[in-house]
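Trainee: Next one to model:
(one chain, ligands or ions: 1)
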Amino acid sequence: MSSSSNASQSGNACLVMVRHGESVYNQKNLFTGWIDCSLSENGVAEARRVGKLLAQHGFVFDIAITSALKRSWETLMNMLLEAPNIVSDQLLVRRYQAFNERHYGDLQGKNKEETAQLFGAEQVHRWRRGFEDRPPHGESLKDTYERVVACYQQEVAPVVQAGKKILIVAHGNSLRALKMYLENIPAEKISQVEFATGEAQVFDFDASGKYLATRKLHQEAVVG
Ligand SMILES: O=C(O)[C@H](O)COP(=O)(O)O
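Mentor: The predicted model follows:
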């Protein structure tokens, strides 16, 4: 059994963040934000793949959390269809609007390439990856960070301190915000932080619930 599997089965808390699989808006390169669209077929396959990957690493979650948007919920459902054993039979499920994707305001539904041509690639990059830049009538990452961290402190930190295994299936920017908080990433570095669709990152904590380290999971060599 790999070291990561042992780590996921120690008595300490472990939190796995998974970005939802590709959505139909991602597929069309449209800004999504709070538009409540479904996964694409490729996104369903990504969800099933990450479910299988977590099973290969021996994860068994006590709590599963999604946002209020269906692309995160559909991802969790497809992960469990593929790998029902990644959750305990006393699983708690929670959905938090506070973990929704950043609201993209007037950009929602617009094509990202066309938006870059209209407003300039640099300005759109700052809206998408900056910290304090706010798209028209939308949220900056800082706005998203504040609501994500408030929810984490209120709802998730207590179960981390209790040593639980927690799965959070959410969105590119809400997860960037939570990763920024846990890893104490400075604002000037956050533009380099990305989450691919269907990507899992593992956050380990010590016995007191203090963040220790982050690791990415890789497909285990399937023996036999
Ligand atoms: O909301 C969206 O458009 C995407 O899910 C994330 O978009 P971004 O990668 O452009 O921030």
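
Trainee: what about whichever residue of the chain sits closest to the ligand, how many neighbours?
Mentor: Distances between the chain and the ligand by C-beta to the nearest ligand atom are smallest at Thr32, namely 3.5 Å. Yep, even glycine has a C-beta here, placed from its N, CA and C like the rest. Neighbour count of Thr32, defined by other C-beta atoms under 10 Å: 24.

Trainee: quick one, strands of this protein?
Mentor: Counting by DSSP state E, the chain has strands at residues 14-19, 61-66, 87-95, 165-170, 200-205, 211-216.

Trainee: Now the ones you listed in TSV, please, with extra columns for distance to Met79, mean pLDDT and mean neighbour count.
Mentor: Converted to TSV, these look like this (distance: least, C-beta to C-beta, whole Å; pLDDT from 0 to 100; neighbours: other C-beta atoms under 10 Å):
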stretch	distance to Met79	mean pLDDT	mean neighbour count
strand 14-19	7	98	25
strand 61-66	9	98	23
strand 87-95	9	97	13
strand 165-170	7	98	26
strand 200-205	10	97	20
strand 211-216	17	94	13
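
Trainee: Thought Asn26 was touching the residue of the chain closest to the ligand, still the case?
Mentor: Yes - using C-beta atoms under 8 Å, Thr32 is in contact with Asn26, at 6.9 Å.

Trainee: partners of the spatially closest residue to Phe203 that is not a sequence neighbour in the sheet?
Mentor: Distances taken as C-beta to C-beta, 6 or more residues apart in numbering put Leu15 closest to Phe203, at 4.4 Å, once the chain neighbours are dropped. Beta-bridge partners for Leu15, by DSSP bridges, are Ile166, Phe203.

Trainee: Any figure for the gap between Leu15 and Thr115?
Mentor: 33 Å (C-beta to C-beta, to the nearest Å).

Trainee: what do you get for Leu212?
Mentor: Distance, Leu212 to Thr115, using C-beta to C-beta: 39 Å.

Trainee: Can you pull up the residues of this protein that come close to the ligand?
Mentor: By C-beta under 6 Å from any ligand atom, the part of the chain that sits against the ligand consists of 31-33, 101, 104, 128, 171-173.
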